[in-house]
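Enquirer: just to be clear, the model below is a prediction. Sequence and coordinates:
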Amino acid sequence: MIEVKPATPLQDTVELRRQIISTCLFLRDRLGYFIGTWGNISVRVEDGLLLTPSRMAYHELRPEDLVVVSWGSAVVKGHRLPTSEMALHHALMLERPGFGALIHAHSPYASVVASAHRSIPVIVDDMAEVIGGEVRCSRYVSAGRHKEMAQAARETIGKEACAVLLGNHGVVAGGRNLEEALVAVQFVEKAAVILIQAESLGGAVPIPEPLWREERHRYLYKYGRPEDMRGVITDGTGTG
Ligand SMILES: [Zn+2]
């Protein structure tokens with residue numbers, strides 16, 4: 001198993017709250033993954049989880065509308081109700097200490113795969129890197145059964161993949177920080193499109209496990225560092 005270090009909780013600042021709000025608007029207005037008030041975000045902070053509020057239009061959100069909920073599920077900061085899918089965020093954050101942020105979306109193609117109760121194997125390189133494993137699909141639990149749905153997601157996600165499909169519902173994608181979670185939710189959607197489209201060509205061919213693991217390790221620990229390019233760019237002496 002490829003270990004991801006536990007995420008360091010962030011300080012709950014106005015800038016972080018603004019970043020969450022602008023991410024909500026990007027997900028709704030640019031990507032179409034958030035529809036109406038459906039979709040929510042959490043970020044691991046020092047006092048617990050910083051969450052978007054329940055049933056508020058994203059364009060009306062102000063930094064003070066976000067809510068901090070402790071690990072004991074108490075609202076410790078904020079005057080709003082946290083997202084009704086709070087238990088889902090809580091459960092996945094507890095299951096996976098490497099997550100610094102989670103995005104839950106009803107993105108269209110991930111929802112297609114979730115409605116078919118299919119998993120998304122590692123079928124494309126960026127998925128190997130950022131998702132790091134097969135995205136499994138939980139059984140259907142209605143959203144109002146908060147804790148039961150959270151438990152189903154927690155049991156399904158496994159220890160490695162950075163996303164899980166919720167049967168007949170949508171997707172939750174996580175990352176070490178909010179930027180990475182935003183990339184992850186887009187790569188899940190793209191992988192879902194590829195999975196569906198490749199059916200007409202005889203089906204997508206999964207990447208062999210040792211190879212996607214190698215690529216996942218590279219992304220986590222080498223990508224963007226000189227060692228990743230060793231032997232590819234020369235050091236100026238002509239020795240490679
Ligand atoms: Zn939902």
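Expert: Right, received. Where do you want to start?

Enquirer: wait, A150 touches T83, no?
Expert: No. Checked against Cβ atoms under 8 Å, the pair A150 and T83 is beyond contact range at 12.0 Å. C-betas here are computed from N, CA, C, even on glycine.

Enquirer: just give me the residue closest to the centre of this structure.
Expert: Central residue of the chain (Cα atoms, centre = their mean): A173, 1.6 Å from the mean position.

Enquirer: the particular helix or strand that has that one in it packs against which elements?
Expert: Assigned by DSSP states H and E, A173 belongs to strand 170-175. In terms of contacts (3 or more Cβ pairs under 8 Å, 6 or more residues apart in numbering; DSSP states H and E), strand 170-175 is packed against helix 86-95, strand 101-105, helix 108-115, strand 163-166, helix 178-198.

Enquirer: how far out from the middle of the chain is that strand?
Expert: 3 Å (Cα atoms, centre = their mean, to the nearest Å).

Enquirer: hmm, who's touching that strand?
Expert: Residues outside strand 170-175 that contact it (Cβ atoms under 8 Å, 6 or more residues apart in numbering) are 88-89, 92, 96, 98-107, 110-111, 114, 130-131, 135, 153, 157, 162-166, 181-185, 187-189.

Enquirer: same check on stretch 204-211?
Expert: Everything outside stretch 204-211 that qualifies as a contact, by Cβ under 8 Å, 6+ apart, is 121-125, 128, 194-195, 198, 215.

Enquirer: now the helices and strands packed on strand 170-175 as JSON lines including mean pLDDT?
Expert: As requested, the helices and strands packed on strand 170-175 are exported to JSON lines (pLDDT from 0 to 100):
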{"stretch": "helix 86-95", "mean pLDDT": "97"}
{"stretch": "strand 101-105", "mean pLDDT": "98"}
{"stretch": "helix 108-115", "mean pLDDT": "98"}
{"stretch": "strand 163-166", "mean pLDDT": "98"}
{"stretch": "helix 178-198", "mean pLDDT": "98"}
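
Enquirer: let's have these in a markdown table, adding mean neighbour count and distance to A143.
Expert: Listed next are the helices and strands packed on strand 170-175 as a markdown table, based on neighbours: other Cβ atoms under 10 Å; distance: least, Cβ to Cβ, whole Å:
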| stretch | mean neighbour count | distance to A143 |
| --- | --- | --- |
| helix 86-95 | 22 | 9 |
| strand 101-105 | 29 | 10 |
| helix 108-115 | 20 | 13 |
| strand 163-166 | 28 | 9 |
| helix 178-198 | 21 | 18 |
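
Enquirer: may I see those arranged in a markdown table, with distance to R230 as well?
Expert: Shown next, in a markdown table, are those (distance: least, Cβ to Cβ, whole Å):
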| stretch | distance to R230 |
| --- | --- |
| helix 86-95 | 35 |
| strand 101-105 | 31 |
| helix 108-115 | 36 |
| strand 163-166 | 31 |
| helix 178-198 | 25 |
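
Enquirer: for R62, which of those is the nearest?
Expert: Smallest distance to R62 across these (Cβ to Cβ): 18.1 Å, for helix 178-198.

Enquirer: the closest one - contacts with which helices or strands?
Expert: By 3+ Cβ pairs under 8 Å, 6+ apart, helix 178-198 packs against helix 14-25, strand 40-45, strand 101-105, helix 108-115, helix 125-130, strand 163-166, strand 170-175.

Enquirer: which of these sits closest to I233?
Expert: It is, among the helices and strands packed on helix 178-198 and with distance given as Cβ to Cβ, helix 125-130, at 20.4 Å.

Enquirer: any idea of the mean pLDDT in that closest one?
Expert: In this model, helix 125-130 has a mean pLDDT of 97.

Enquirer: contacts for that helix, please.
Expert: 120, 122, 162, 175, 180, 183-184, 187-188, 190-191, 207, 211-212, 215-216, 218-219, 223.
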